[in-house]
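S.K.: Sequence plus the predicted model coming up.
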Amino acid sequence: MTVHFIGAGPGAPDLITVRGLRLIEKCPVCLYAGSLVPEEIVTAAPEGAHVVDTAPMNLDEIMAEIEAAHAKGQDVARVHSGDPSIYGAIAEQIRRLDDLGIPYDITPGVSAYAATAAEIGAELTLPDISQTVILTRTAMRSSGMPDGESLAELGKSRATLAVHLSINNLANVVRDLTPHYGEDCPVVIAYRVTWPDQQFIFGTLGDIRAKVKGSGITRTALIMVGEVFGRKDFTDSRLYAADHTHVLRPAKV
């Protein structure tokens, strides 16, 4: 028996990996985060499977389902949205599985920041503009941020930022980043990216609050900040430069 942690991707059912889908198709137990995982994905579970939406459940209740499956020798598809390694809350589940001696594995998924870049046709790392992407969030009702990881500190890097779980904290995001990025720095708000009702709001640190206020968006949105959005005046990568040689593309004689 194995617990398979599976990243379902950002929302579009066909963005789950082939491996993840195949695991769901064969597991007699499927536990999924119903608020963020499309139902079409879990309907791939085999006929008669025990399918449970864990959105209203606490950790003890979720573990009780896993222990019951373990007692029956049944594999479990534990389906999370996006990629389970990013704000997936799998670490505390894994810790308990280790204590119980229950085996597990992890299948990665497409994260919202990658899906956002794809949907808007952006590269997050442009030569001379940004070569670093920081995935972070802000502290609200959830766990606090460790020392040195405040947005004001991370903003000093001027890297491309993907700020999760913070749309209701947008005022503080703007306040903390404006001194480092400037009011004209591009911002993209991605709401339910790849879902049928996805929405993007484009603005700057100077005007994004007003634009979001009129949208009614209060959850399930990612804040992307950086000079890479909309920039055309970047240097071409050396990767495909005619005079750039390497073992697979030796110099022409």
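M.R.: Sure thing, it's come through.

S.K.: Do you have the helices of the stretch 101-250 of the chain handy? List them.
M.R.: For the stretch 101-250 of the chain, applying DSSP state H, counting those that start in this stretch gives helices covering 112-120, 151-154, 170-181, 208-213.

S.K.: Report the buried residues of the shortest one.
M.R.: I take that to be helix 151-154. Of the residues in helix 151-154, 151, 154 count as buried by neighbour count, 16 or more other CB atoms under 10 Å. Bear in mind the C-beta positions are built from the backbone N, C-alpha and C, glycine included.

S.K.: From here on, call the first residue 40.
M.R.: Noted, 40 is the first residue going forward, which turns the last one into helix 190-193.

S.K.: in this protein, which helix or strand is least confident?
M.R.: helix 78-81 (a mean of 93; mean pLDDT, DSSP states H and E).

S.K.: Quick check, central residue of this structure?
M.R.: Geometric centre of the chain, nearest residue: Ser150, 3.3 Å, by CA atoms, centre = their mean.

S.K.: Report the contact partners of that residue.
M.R.: Shown in contact with Ser150 (CB atoms under 8 Å, 6 or more residues apart in numbering): 46, 49, 121-122, 125, 174.

S.K.: Mind checking which of those are buried?
M.R.: Of the contacts of Ser150, these count as buried by 16+ other CB under 10 Å: 46, 49, 121-122, 125, 174.

S.K.: Which of those fall in strands?
M.R.: Residues of these located in strands (DSSP state E): 46, 174.

S.K.: Out of the buried ones among the contacts of Ser150, which comes closest to Ser74?
M.R.: Nearest to Ser74 out of the buried ones among the contacts of Ser150 is Gly121 (CB to CB; 12.4 Å).

S.K.: OK, contacts around the closest residue to Arg270 other than its chain neighbours?
M.R.: Leaving out its chain neighbours, the residue that sits closest to Arg270 by CB to CB, 6 or more residues apart in numbering is Ile168, at 5.8 Å. By CB under 8 Å, 6+ apart, the residues touching Ile168 are 265-267, 270, 273.
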